[in-house]
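Colleague: return a 3D structure for these sequence lines:
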Amino acid sequence: MSQISPSEDIRSVTDLKRNTRDILDHLHATGRPVILTVNGRADSVLLDVRVYEKHLQAGNMAKLLAPAERDVEGGRTRSARGFLKEFKRARKIPG
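Modeller: Predicted structure coming up:
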């Protein structure tokens, strides 16, 4: 997603009502969010659904990685070699 363009990506709710299709076409073409204003103040953000899904996936991945990152920060790690030896031994895998 490229950087927001204030002249193109900040629109009023009134403008959205009058030019919905144009604004949505722009949103889909650029992949950039559109910031909607009410009385001159930022109120809401519109996102292309594909961009939104990517943000959801990234957030979900971050949630999955967070415990592992805390383990690394806390020094609770071990070598891959040691883990594989223990894993094979516990499951009686030869080699």
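Colleague: switch to C-alpha atoms for all contacts and neighbour counts from now on
Modeller: Noted.
Colleague: roughly how far apart are the spatially most central residue of the chain and R18?
Modeller: In the chain, the centroid-proximal residue (Cα atoms, centre = their mean) is H55; its distance is 2.1 Å. To R18, H55 is 29 Å away according to Cα to Cα, to the nearest Å.
Colleague: can you check R50 too?
Modeller: Counting by Cα to Cα - R50 and R18 are separated by 24 Å.
Colleague: again, but for L27
Modeller: Counting by Cα to Cα, the gap from L27 to R18 is 16 Å.
Colleague: neighbour count winner among the two?
Modeller: L27 (19 against 11; other Cα atoms under 10 Å).
Colleague: if I read this right, the more buried one contacts V34, doesn't it?
Modeller: Yes. At 6.7 Å, L27 counts as touching V34 under the criterion of Cα atoms under 8 Å.
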